[in-house]
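K.L.:
Sequence and predicted structure below; questions after.
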Amino acid sequence: NEGSLWGGRFASGPADAMAALSKSTHFDWVLAPYDIRASQAHAKILHRAGLLSDDDLATMQDGLSRLADDVRSGAFGPAESDEDVHGALERGLIERVGAEVGGRLRAGRSRNDQVATLFRMWLRDAVRAVATGVLDVVDALIAQASAHPDAVMPGKTHLQAAQPVLLAHHLLAHAHPLIRDVQRLKDFDKRAAVSPYGSGALAGSSLGLDPEAIAADLGFDSAADNSIDATSSRDFAAEAAFVFALIGVDLSRMAEEVILWSTPEFGYITLADAWSTGSSIMPQKKNPDVSELTRGKSGRLIGNLTGLLATLKAQPLAYNRDLQEDKEPVFDSVTQLLLLLPAIAGLIRTLTFHEQRMAELAPAGFTLATDIAEWLVRAGVPFRVAHEVAGACVRVAEEHGVGLPDLTDEQFAQIHPALTPAVREVLTVEGSIASRDARGGTAGTRVAEQLHRLAESAAGH
Ligand code: ARG
């Protein structure tokens, strides 16, 4: 069997169902360019160890670079007989340079250290692409926050009217977790930058190869200290899958709000035509599908993480074939995020905010009650009393079917003598917002500083 990397001790080839079960070329082919790069590095190390002549090295490097071209152009691909990407590429090399030279490449390495290395290489690149996509979403949020420096909105807790806030403050509250996700991706990369190459099947290599040199050649910071760990651990993959799932969750929280805000009941936003869809039966519909797919795919990203963790949890050391199941969930999370991130960035960037409507709703539901209580505290009233008094204001206003600013001076005085007409200075949405001017608060000055810092931090990544 030409495409096989083993067989010496077997009298027959695998049964069809065995081969079908075993096969991974339909998903691990994305590792092919990385496999060839690592083989090019490995060939140099074999040569340096005296295991490959000058001529053989030249022949092998020529074969590998032609193979890389053919993989890139699609002229070379996996055959029915290939079990995995590693076997397929060895077949491809032998087809190009013959078995005498091509058969020397596999010395001192195993698919176990190969696949662990290639998966790390692939993931390190993928994580950079995901980080770029996340930063684009952050950029869209920053652009909207900058475009609406003064717009106000009802801030909510428990989805109930709470306190008025600046729209920019709210939008940036979605940008911060995303920036932290980018930091997590960078942090992941530090731990992932350790090369398993040279670990062999599990015990290391006896051929005098130099794992440090190959690690440096492949862009890793160092070679692994423990060959058993290096070939069997997939915590790097789980860590990346976690950050991918968390990005999904962070995007989904934002998507949920876009969905709510675009309903007529909220009426905060209108979605751009390019980032919404229609209905096949109801002509009036404009649906928030980008947000719904974001919410839906976040479930899938969580599933990919939990599936991977379940695959890992009971495996004895070292390599087990279970580990072949490590790649699809992680590949899928990256595929989904790279679809999602540009769409959600486009959606956010093109939202139209209805500032008037949001401003009207900002004081609704007695959202200025806390301002009355805190005004009383500044006037020397204990907060416990102030809270009661402000509550009484809400009750009276509710009884009369009016808002807090509509209470008369007499009504205020009747509720509590400390409630002089001066309380009205905090009974506007603008006054309330401007008063929350400690670091982290929603006052315009603070939000402007925050925006500045966030934009600098985003630009630094
Ligand atoms: N295709 C396998 C994987 O993805 C690597 C091959 C290791 N096979 C083996 N029998 N040791 O994990």
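P.N.:
Sure, I can see it.
K.L.:
hey, let's count contacts and neighbours off CA atoms from now on
P.N.:
OK.
K.L.:
Tell me where the stretch 301-450 of the chain has helices.
P.N.:
Taking DSSP state H, counting those that start in this stretch as the test, the helices found in the stretch 301-450 of the chain are 327-349, 355-361, 369-378, 383-400, 409-415, 429-435, 444-459.
K.L.:
buried sites along the second one?
P.N.:
By neighbour count on 16 or more other Cα atoms under 10 Å, the buried set for helix 355-361 is 355, 358-359, 361.
K.L.:
what's the closest of the helices of the stretch 301-450 of the chain to the ligand?
P.N.:
Taking Cα to the nearest ligand atom as the measure, the helices of the stretch 301-450 of the chain were each checked against the ligand, and helix 327-349 came out nearest at 7.3 Å.
K.L.:
Give me the contact list for the closest one.
P.N.:
If you take Cα atoms under 8 Å, 6 or more residues apart in numbering as the criterion, helix 327-349 is touched by 27-28, 119, 126, 129-130, 133-134, 136-138, 140-141, 143-144, 237, 240-241, 244-245, 248, 271-272, 275, 290-291, 294, 297, 300-301, 304-305, 307-308.
K.L.:
anything in that helix near the ligand?
P.N.:
No: contact check for helix 327-349 against the ligand, using Cα under 6 Å from any ligand atom: none in range, with a minimum separation of 7.3 Å.
K.L.:
How far does that helix sit from its chain's centre?
P.N.:
Taking the mean of its C-alpha atoms, helix 327-349 sits 8 Å from the chain's own mean (Cα atoms, centre = their mean, to the nearest Å).
K.L.:
From here on, call the first residue 34.
P.N.:
Sounds good: first residue 34 from here, last item helix 360-382.
K.L.:
Could I get the buried residue list for that helix?
P.N.:
Per 16+ other Cα under 10 Å, helix 360-382 contains these buried residues: 360, 362-367, 369-371, 373-374, 376-382.
K.L.:
shouldn't residue 310 be in contact with residue 324?
P.N.:
No: in this structure residue 310 lies outside contact range of residue 324 using Cα atoms under 8 Å: 11.1 Å.
K.L.:
Neighbour count for those two, which is higher?
P.N.:
More crowded of residue 310 and residue 324, by other Cα atoms under 10 Å: residue 324, with 26 against 15.
K.L.:
Nearest residue to the more buried one in space, please, no chain neighbours.
P.N.:
Nearest residue to residue 324, sequence neighbours excluded (Cα to Cα, 6 or more residues apart in numbering): residue 288, at 4.5 Å.
K.L.:
Quick one: list the elements packing against the helix or strand hosting that neighbour.
P.N.:
Using DSSP states H and E, residue 288 falls within helix 268-294. If contacts are counted by 3 or more Cα pairs under 8 Å, 6 or more residues apart in numbering; DSSP states H and E, helix 268-294 sits against helix 144-180, helix 200-225, helix 322-345, helix 360-382.
K.L.:
Reformat the ones you listed into CSV and put mean pLDDT next to each item.
P.N.:
As requested, the helices and strands packed on helix 268-294 are exported to CSV (pLDDT from 0 to 100):
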stretch, mean pLDDT
helix 144-180, 98
helix 200-225, 98
helix 322-345, 98
helix 360-382, 98
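K.L.:
So residue 249: helix, strand or coil?
P.N.:
Classification of residue 249 by DSSP: H, G, I helix; E, B strand; the rest coil places it in helix.
K.L.:
Leaving out sequence neighbours, find the closest residue to residue 168.
P.N.:
Spatially, and ignoring its direct neighbours in sequence, residue 168 is nearest to residue 491 (6.7 Å; Cα to Cα, 6+ apart).
K.L.:
that older thread, just the buried ones from the contacts of helix 360-382?
P.N.:
Buried members of the contacts of helix 360-382, scored by 16+ other Cα under 10 Å, are 61, 152, 159, 163, 166-167, 169-171, 173-174, 176-177, 270, 273-274, 277-278, 281, 304-305, 308, 323-324, 327, 330, 333-334, 337-338, 341.
K.L.:
would you say residue 196 is within a helix?
P.N.:
No: when three-state DSSP is applied, residue 196 is found to be strand, with no helix at that position.
K.L.:
Which residues are in contact with the residue of the chain found nearest the ligand?
P.N.:
Closest contact between the chain and the ligand, by Cα to the nearest ligand atom, is at residue 357 (3.6 Å). Shown in contact with residue 357 (Cα under 8 Å, 6+ apart): residue 57.
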